[in-house]
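Novice: Provided below are the primary sequence and the corresponding predicted coordinates.
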There are 2 protein chains.
Amino acid sequence: MEPVSAEHVTAFRRFNRYFTRRIGALDDHYLGQDRPLGEARLLFEIAESAAGVSLRELRSRLGLDAGYLSRMAKALEAQGMVRIAVHPDDNRLRMVELTPAGHIELTEQQRRADALVAHLLGGLTDRQRTDLTEAMTATRRLLRLAAITVDLVDGASESARTCLDAYAADLDERFPEGFDKSDLVRPEEVSADAGAFFVAYEEGRPVGCGALRRLEGGVGEIRHVWVHPDARRLGLARRILDALEREGRRRAFDVVRLDTHAALTEAQAMYRACGYREIPAYVDHVYGDHYFEKRLRD
Amino acid sequence: MEPVSAEHVTAFRRFNRYFTRRIGALDDHYLGQDRPLGEARLLFEIAESAAGVSLRELRSRLGLDAGYLSRMAKALEAQGMVRIAVHPDDNRLRMVELTPAGHIELTEQQRRADALVAHLLGGLTDRQRTDLTEAMTATRRLLRLAAITVDLVDGASESARTCLDAYAADLDERFPEGFDKSDLVRPEEVSADAGAFFVAYEEGRPVGCGALRRLEGGVGEIRHVWVHPDARRLGLARRILDALEREGRRRAFDVVRLDTHAALTEAQAMYRACGYREIPAYVDHVYGDHYFEKRLRD
DNA sequence: GGCACTCTTTGACTAAAGTCAAAGAAATAT
DNA sequence: ATATTTCTTTGACTTTAGTCAAAGAGTGCC
């Protein structure tokens, strides 16, 4: 990992300070309510989950104390903003959802926040607004990418299975011939000496994966590089690939190989851009239309 | 003013939400202290004002209750973080400044915040970090510009005088022959029917100005368009020019004229870019090397 | 049916954040 | 010199935000 220059750190902090102080406060979505912040936050979180949400879920999402949450929810109920009901299948759980009055309040709040933002943007020309939107999009994309971690995990772990399931479902949809799960690596193929499995997490949620498997001798095989639809176009696949190659070097592999399906054109372009070159089939994979390899040492 | 499209508002709010929730909290400069937030904020604000600052000033900057502030300041003094002394010229005022211990604490805090940011940026390649810095710079530039208001003020007001003084000092430095204040418009030349004076404010602070004066008939004259060094390269001069032209149209001027000094090359470029064309001298201004005009109606 | 566990509620706290008004000391205006 | 205003301090509050532990109700598992 390259060292981070002081200049970038300073620029980041300058932006951060400006934004949180001057702008963030402006469009606080808890804005303009005559309601304590904790309650406003809770109400907003309830509104986010359209079909009702359990106290348990809210507790973990907002990181609140059970007693504190219980009381706040009751306060919102007393104000007519939410309805609290017992979960149909589990009588221990309490489900919360907005009442029509709660919806009205939140819509009004949203309207006010929109108006504030529109007023701020009113000071710019349309061209400048477009530039601003673009700059913000780029900023957000890079910050998201930076905040994602790529970790080595057990191939049998829940995160790994979640990713592989999503990967399989994804391919099943994209391949004309469908995708059969039996093609997936088994946990023991990516454990200990046999290989490795990486999962990318964004805010604790698995949003991508990649597997490395030992073939004969100094050859590794990369498989199942996948990125969740919500996390695409950030440059995450490259980071996963990076992690896999680093792991390959650590294991003293001379070369890594991989195969990819004809339907995955973006993937092929990425592999080429990352220094992979197409080679003849080194094995007969069911879904392998193109085979690539990259030397890890020179 | 062009209407603000919903798309821009949405993009803005999406960014805002992401940033304040996920990133802003991360590099909170009040971070990692075993000190209540209010105190941390106060300490930081005291540190910002190098040579000591009055409680009065802090009160208005932070918007705190006098009693609350008094107590917090005393608490910081008891902890050895600040020194409180009576103002030498006004015994009602209390001046606060950091002690060496206070400096040490703040430096340490800064170091920790830097480390956190460096860790976050560590997830990006150097190229991506550069892109991020650029995107943030662009975002900040446009947000600053958006947040600046350009207001019609009395030419004799304090804001107007502040700007004209700074303008005069600025030109005195830039013109080889210096600048004599007698060239400035008098308040009565930009009041009521005679003309108008605009001041640009950023967070309440005057950061730019521009004057409009009636010449004969349907001709207006633009003078003293100036932007504070801190607010340059934002596109503010254009906004001031816009406001002056709008005012000119409101006053049914057919045309506005202006003159500029040879030393102000950027200004000339801007006027041309804004639709002004160079004309022969319409009057003999002491510092006028180039004369421009723009028709306000067609 | 009993046991461990989960989820929520309740009571009893604490610390932080902030408000309000009265009063004292000093400066400024008349 | 007197009145008014400014700035700070102090006392007496309130609200918000949060913690901790005990207890009650319900589930899942053997």
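Specialist: Cool, got the structure.
Novice: host element of the residue in chain A that DNA strand C sits nearest to?
Specialist: Closest contact between chain A and DNA strand C, by Cβ to the nearest atom of the strand, is at A:Gly67 (2.5 Å). For the C-beta atoms, the positions are set from N, CA and C on the backbone; glycine is no exception. With secondary structure defined by DSSP states H and E, A:Gly67 is part of helix A:66-78.
Novice: so which bits of the very next helix or strand once past that helix are buried?
Specialist: Proceeding N to C from helix A:66-78, the next assigned helix or strand is strand A:82-86, under DSSP H and E. Going by neighbour count (16 or more other Cβ atoms under 10 Å in any protein chain shown), the buried part of strand A:82-86 is A:Val82.
Novice: which one is A:Asp180 nearest to, not counting chain neighbours?
Specialist: Taking Cβ to Cβ, 6 or more residues apart in numbering or on different chains, and ignoring the residues beside it in sequence, A:Asp180 has A:Val286 as its nearest neighbour in space, at 7.5 Å.
Novice: same question for A:Thr149.
Specialist: Using Cβ to Cβ, 6+ apart and skipping the chain neighbours, the partner closest in space to A:Thr149 is A:Tyr201 (5.4 Å).
Novice: my read is the one you found is in a strand, agree?
Specialist: Yes: counting by DSSP: H, G, I helix; E, B strand; the rest coil, A:Tyr201 is located in a strand.
Novice: quick one: residues contacting it.
Specialist: A:148-149, A:151, A:159, A:207 (Cβ atoms under 8 Å, 6 or more residues apart in numbering or on different chains).
Novice: and those residues, which are buried?
Specialist: A:148, A:159, A:207.
Novice: ok so, going back, any idea which element the residue nearest to A:Asp180 lies in?
Specialist: With secondary structure defined by DSSP H and E, A:Val286 is part of neither a helix nor a strand.
Novice: where does it fall, phi/psi-wise?
Specialist: For A:Val286, the backbone dihedrals (degrees, to the nearest 10) come out as phi -50, psi -50.
Novice: before we move on, what about A:Ala25?
Specialist: Torsion angles, degrees, to the nearest 10, at A:Ala25: phi -60, psi -30.
Novice: distance of A:His261 from B:Asn91?
Specialist: Note on A:His261: its distance to B:Asn91, by Cβ to Cβ, to the nearest Å, is 82 Å.
Novice: more neighbours, the two?
Specialist: Set side by side, A:His261 and B:Asn91 give different neighbour counts by other Cβ atoms under 10 Å in any protein chain shown, the larger being at A:His261 (20 against 8).
Novice: setting aside sequence neighbours, what's the nearest residue to that one?
Specialist: Using Cβ to Cβ, 6+ apart and skipping residues adjacent in sequence, the residue nearest A:His261 is A:Tyr287, 4.8 Å away.
Novice: surely that neighbour meets A:Phe179?
Specialist: Yes: judged on Cβ atoms under 8 Å, A:Tyr287 makes contact with A:Phe179 at a distance of 6.9 Å.
Novice: which residues do these two both contact?
Specialist: A:Leu171.
Novice: per-residue pLDDT, the most far-flung residue of chain A relative to its centre?
Specialist: The C-alpha centroid of chain A is most remote from A:Ala78, which lies 36.5 Å away (Cα atoms, centre = their mean). The predicted structure scores A:Ala78 at 94 on the pLDDT scale.
Novice: ok, back up a step: state the distance from the residue nearest to A:Thr149 to A:Glu158.
Specialist: According to Cβ to Cβ, A:Tyr201 and A:Glu158 sit 12 Å apart.
Novice: circling back: closest to A:Leu120 among the contacts of A:Tyr201?
Specialist: A:Ile148 (30.0 Å; Cβ to Cβ).
Novice: so A:Asp172 sits against A:Gly178, correct?
Specialist: Yes: if you go by Cβ under 8 Å, A:Asp172 and A:Gly178 touch, sitting 5.1 Å apart.
Novice: these two: which has the busier surroundings?
Specialist: Neighbour totals were compared for A:Asp172 and A:Gly178, and A:Asp172 leads with 13 against 10 (other Cβ under 10 Å).
Novice: report the backbone C-alpha coordinates of the one helix or strand the more buried one maps to in CSV.
Specialist: Here A:Asp172, judged by DSSP H and E, is contained in helix A:158-174. What follows is helix A:158-174, C-alpha atoms only, in CSV (Å, rounded to 0.1, in the frame of the first residue of the first chain):
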residue,chain,number,x,y,z
GLU,A,158,-21.7,-17.0,6.6
SER,A,159,-20.4,-14.0,4.7
ALA,A,160,-18.7,-16.3,2.2
ARG,A,161,-21.8,-18.3,1.7
THR,A,162,-24.0,-15.2,1.3
CYS,A,163,-21.7,-13.9,-1.4
LEU,A,164,-21.4,-17.2,-3.3
ASP,A,165,-25.2,-17.6,-3.2
ALA,A,166,-25.7,-14.1,-4.6
TYR,A,167,-22.9,-14.7,-7.1
ALA,A,168,-24.6,-17.9,-8.3
ALA,A,169,-28.0,-16.3,-8.5
ASP,A,170,-26.4,-13.4,-10.5
LEU,A,171,-24.7,-15.7,-13.0
ASP,A,172,-27.8,-17.9,-13.3
GLU,A,173,-29.6,-14.8,-14.6
ARG,A,174,-26.8,-13.6,-16.9
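Novice: mean confidence score for that helix?
Specialist: Here the average pLDDT along helix A:158-174 is 91.
Novice: repeat that for stretch A:279-298.
Specialist: 84.
Novice: can you check stretch A:14-28 too?
Specialist: Averaging pLDDT along stretch A:14-28 yields 84.
Novice: list of residues touching that stretch?
Specialist: If you take Cβ under 8 Å, 6+ apart as the criterion, stretch A:14-28 is touched by A:113, A:116-117, A:120, B:12-13, B:16, B:19-20, B:23-24, B:27-29, B:117, B:136-137, B:139-140, B:143-144, B:147, B:203.
Novice: at 6 Å instead, please
Specialist: Outside of stretch A:14-28, the residues that reach it under the criterion Cβ atoms under 6 Å, 6 or more residues apart in numbering or on different chains are A:113, A:116-117, B:13, B:16, B:20, B:24, B:27, B:136, B:140, B:143.
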